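1. how does the following fold in three dimensions:
(6 chains)
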Number of protein chains: 4
Amino acid sequence: MSSPTRTRLSREDRMEQTLDTAHSLFAERGYAAVTMDEIATAVGVTKPLIYNYFGNKESLYIACMERSGDALVEAISTAVAGSEDPSGAFESGVRAFFSFLDTDRAAWAVLFDETLPHGGEVIERVSVYRRQLLDFVSASTLARMPEKARRSKAVRSEVEAVSTAIIGAAESLARWWLATESMSASDVAELLISTVEPGLLARTAPSQPAVTEGDPSA
Amino acid sequence: MSSPTRTRLSREDRMEQTLDTAHSLFAERGYAAVTMDEIATAVGVTKPLIYNYFGNKESLYIACMERSGDALVEAISTAVAGSEDPSGAFESGVRAFFSFLDTDRAAWAVLFDETLPHGGEVIERVSVYRRQLLDFVSASTLARMPEKARRSKAVRSEVEAVSTAIIGAAESLARWWLATESMSASDVAELLISTVEPGLLARTAPSQPAVTEGDPSA
Amino acid sequence: MSSPTRTRLSREDRMEQTLDTAHSLFAERGYAAVTMDEIATAVGVTKPLIYNYFGNKESLYIACMERSGDALVEAISTAVAGSEDPSGAFESGVRAFFSFLDTDRAAWAVLFDETLPHGGEVIERVSVYRRQLLDFVSASTLARMPEKARRSKAVRSEVEAVSTAIIGAAESLARWWLATESMSASDVAELLISTVEPGLLARTAPSQPAVTEGDPSA
Amino acid sequence: MSSPTRTRLSREDRMEQTLDTAHSLFAERGYAAVTMDEIATAVGVTKPLIYNYFGNKESLYIACMERSGDALVEAISTAVAGSEDPSGAFESGVRAFFSFLDTDRAAWAVLFDETLPHGGEVIERVSVYRRQLLDFVSASTLARMPEKARRSKAVRSEVEAVSTAIIGAAESLARWWLATESMSASDVAELLISTVEPGLLARTAPSQPAVTEGDPSA
DNA sequence: AATGAATGAGGTTTCATTCAT
DNA sequence: GATGAATGAAACCTCATTCAT
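-> Coordinates of the predicted model:
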């Protein structure tokens, strides 16, 4: 009526705007600490509208998270695809990972939020992306192995384990890096690479045992 | 009336029992998802008694967590202390870590619960233990370096970063391992060691550059 | 289902209604003895709505109390402002005070609730009004004194004490009056005036000592 | 057993000690804010013992309060009894009142605690003492009046009202005095006397109207 | 004469979510 | 297409009080 004609956006624009705002809030304070009330207030609309658009809090979070997840996977995917050899693929992926975080740290926070409720759907959907990261590492590791090894179930399981470890290292390092800001994105990428690449090499070199104890020089 | 004369325990016993029960619940579902009512019911007493003993939910959690934290640190500490050289210390620590998880996997869940409220006291107390793990890795890494390097601020920061990555790898691997149960504790330990030890060696070998790219043989 | 389609009120109306209801309850039984549940039930809504509107119990009480406080101060203020001489001001104030209580006795109960929690914000806000009553008496007493006396710190302290006593007398009398209803508002006002006015006169008469013992006739 | 033989007091001594401790706590923080747990801890016994001795919190408070009430009434009573004329009786009573407070301010706090629950037995018992104070004032006021007036119901009611006002003034002044400590006990007593005595005199002087308006100079 | 263990009942507050317009 | 009003359910925590020894 007499109120200063609020900008009336189209449904799509409003959703976009809501996603942006919610994403910021979630990234800043985590899933659990953000209330729907806050989001609605921040967006400048009412809660029912948000429910109308997204159904519930979980779905809203998922929508936010998937944007970031897609972007991250896309970034890494592109980097990996541009590499010729497997080792290069791994390194390119790592560099893309940290470079991505550098430009969009909120994306990271939403993808690797540690306060997600244990049993819910959100965590399930998040792990889809986490799984994809794992697959990048697995794939580039497997690619270095001879055909025969790749088909061994034991090897595949071992590779999954190693990849999991590497993803964990990357996550942990990322968190530390974003918190301390003590080096450049490419430096931290090199640091991770230099830490795990030798191990990967040793593991994938066909003529040598995978374990460390063996004396490599003799 | 017809109630089966509930056993009255001594304060100490009841506390112990409460800690056990609460520990299980927290380990299973995380801090936030467990209510004091549940704990009380599971123990077979009423809430006020638990509040009388532990003060509040945070303190109860901390009590649970510290038991596990102390045990874990103790286990690693002992293992590390028994090693002669730095490389052996690191490896012993890793083995002790996974061996500990093998015997008390709930301990892990409580120490690395990811749903802890962001600003509270709990997370502060948890990080004390996490920090100690980090220190084990840092110390054993620094110990391999020449005196001069050890005093460099840049090196120390780099070592902290690498250690953070390794702890992350261990955490992630542990989670995966506990979820899949696909190998023995000692196997997973060796797997982690073989993945990161070469990188550590390369980094700490005094005559070589710390980064990977440089051709070492030429 | 069969529920009698509860009237949905506007925010303003609901707040007003809630204030009315809560005011009554608080007046009847005191701050501590009234629960939010009761208030909600009495209003015919659920607690969250009331929390949504008022934030918490203290704020709700303060809102109730300030309505009464403002009205009381306003009433006295108007009466006092209409008087020409200081003695008239005092008497008008007293009459306005009891007349106000006569029309809104609940206001009194809320303003002078004796069960308010010691350390909270409520009591702080209440004392603002109590202080204003004190100031009315102080001001009208000081106004009767010669300029010189008014500037004496000792005199000002003494006047504060006397005013405090008079306010106490008024409060106490009010409580008794509201409980017994044994006389009219104007009668009780005159009664208070006739009890303290002579003392005030004696104190403020410039040519005589303020204390009683001195022989006035000599 | 091996514990350092706690002083085992007789039942009476223990009760005395409990009363002392509880009295202090109640005086300091008011009825509502003191918990039975605190009292027990402060006394150094267990709650059940206190319940065994005093039944419940109310009764305990009453026991504390009555000690103070008896002492206060006793003090005033003695002072009043020693006076020859009614006016002297009133003044002696007031002096005794403030003198009593000066030596035992905790007694005051317990007798005039403002946080007592509205409907309970405590407040009933407290008012017995408050009533006695009122009676002192009433009696000394009535004593100044001619026999005939004393028998008038209207006069008696008026005297009760005036006495209530005076008691209120005394209470209020006492609270202010104990909080500010800005004068001696006898000074504050004289201050109260000089404030109300003229009014009382005017009221009781048989030949003059009780109200102030009458022209005093003619 | 005294205790340690234990409880019933209730209080304030929060949050995701939906109704009625 | 959007809103303001309203709720259900539950969480943490406290306190006077009693049971069983």
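2. list of residues touching the helix or strand encompassing A:Thr21?
-> Of the helices and strands defined by DSSP states H and E, A:Thr21 is found in helix A:11-29. The contact list for helix A:11-29, computed with Cβ atoms under 8 Å, 6 or more residues apart in numbering or on different chains, reads A:9, A:34, A:38-39, A:42-43, A:45, A:49-50, A:53-54, A:60-61, A:63-65, A:67-68, A:105-107, A:109-110, A:113, B:118. For glycine as for every other residue, the C-beta is placed from the backbone atoms N, C-alpha and C.
3. beyond the longest helix along chain A, next helix or strand please.
-> The longest helix of chain A (DSSP state H) is helix A:153-180. For helix A:153-180, the succeeding helix or strand toward the C-terminus, using DSSP H and E, is helix A:185-204.
4. what is the rounded mean pLDDT of that following helix?
-> On average, the pLDDT along helix A:185-204 is 95.
5. equivalent analysis for stretch A:57-75, please.
-> 96.
6. tell me the buried residues in it?
-> A:57-58, A:60-69, A:72-73, A:75 (16 or more other Cβ atoms under 10 Å in any protein chain shown).
7. just give me the closest of these to DNA strand F.
-> Nearest to DNA strand F, judged by Cβ to the nearest atom of the strand, of these is A:Lys57 at 12.0 Å.
8. nearest residue to that closest one in space, ignoring adjacent ones along the chain?
-> Distance criterion Cβ to Cβ, 6 or more residues apart in numbering or on different chains; nearest residue to A:Lys57, sequence neighbours excluded, is A:Met36 at 5.9 Å.
9. the residue in chain A that DNA strand F sits nearest to sits in which helix or strand?
-> Proximity of chain A to DNA strand F (Cβ to the nearest atom of the strand) peaks at A:Pro48, 3.2 Å away. Take DSSP H and E as the rule and A:Pro48 turns out to sit in helix A:47-54.
10. mean confidence score for that helix?
-> Taken as a whole, helix A:47-54 has a mean pLDDT of 95.
11. do it and DNA strand E meet at all?
-> Yes: judged by Cβ under 7 Å from any atom of the strand, helix A:47-54 and DNA strand E are in contact via A:47-48, A:51.
12. which of the three states applies to the residue in chain A that chain C sits nearest to?
-> Using Cβ to the nearest Cβ, the closest approach of chain A to chain C is made by A:Asp37 at 9.4 Å. Following DSSP: H, G, I helix; E, B strand; the rest coil, A:Asp37 is assigned to helix.
13. before we move on, what about A:Gly119?
-> With three-state DSSP as the basis, A:Gly119 sits in coil.
14. so what's it scoring on pLDDT?
-> A:Gly119 carries a pLDDT value of 80.
15. ok, A:Pro216 next?
-> 44.
16. same question for A:Phe98.
-> Here the pLDDT value assigned to A:Phe98 is 96.
17. in what helix or strand does it lie?
-> Per DSSP H and E, A:Phe98 falls inside helix A:86-103.
18. for that helix, which positions count as buried?
-> So for helix A:86-103, counting by 16+ other Cβ under 10 Å, buried means A:86-87, A:89-102.
19. with stretch A:126-133 instead?
-> In stretch A:126-133, counting by 16+ other Cβ under 10 Å, buried: A:126, A:129-130, A:133.
20. could you do stretch A:165-183 as well?
-> Of the residues in stretch A:165-183, A:165-177, A:183 count as buried by neighbour count, 16+ other Cβ under 10 Å.
21. turn these into CSV, including distance to D:Arg14.
-> CSV is the format used below for these (distance: Cβ to Cβ, whole Å):
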residue, distance to D:Arg14
A:Ala165, 66
A:Ile166, 70
A:Ile167, 67
A:Gly168, 63
A:Ala169, 66
A:Ala170, 68
A:Glu171, 63
A:Ser172, 61
A:Leu173, 65
A:Ala174, 65
A:Arg175, 60
A:Trp176, 61
A:Trp177, 65
A:Met183, 70
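22. for D:Ser140, state which of these is nearest.
-> A:Arg175 (80.6 Å; Cβ to Cβ).
23. I'd guessed the closest one sits against A:Phe112; true?
-> Yes: between A:Arg175 and A:Phe112 there is a contact under Cβ atoms under 8 Å: 7.5 Å.
24. what are the C-alpha coordinates of stretch A:192-207, in CSV please?
-> Listed next in CSV are the C-alpha coordinates belonging to stretch A:192-207 (Å, rounded to 0.1, in the frame of the first residue of the first chain):
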residue,chain,number,x,y,z
LEU,A,192,50.6,-31.1,0.1
ILE,A,193,52.0,-32.5,-3.1
SER,A,194,55.5,-32.8,-1.8
THR,A,195,54.2,-34.6,1.3
VAL,A,196,52.2,-37.3,-0.4
GLU,A,197,53.6,-37.6,-3.9
PRO,A,198,56.7,-39.6,-2.9
GLY,A,199,54.5,-42.0,-1.0
LEU,A,200,52.3,-42.4,-4.0
LEU,A,201,55.2,-42.9,-6.3
ALA,A,202,56.7,-45.6,-4.1
ARG,A,203,53.3,-47.3,-3.9
THR,A,204,52.7,-47.2,-7.7
ALA,A,205,56.3,-48.0,-8.8
PRO,A,206,55.7,-51.6,-10.1
SER,A,207,59.1,-53.1,-9.2
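25. off-centre distance for it?
-> Here stretch A:192-207 shows a centroid-to-chain-centroid distance of 23 Å under the convention Cα atoms, centre = their mean, to the nearest Å.
26. does it reach chain B?
-> Yes: Stretch A:192-207 is in contact with chain B by Cβ under 8 Å from any Cβ of the partner chain, via A:192-203.
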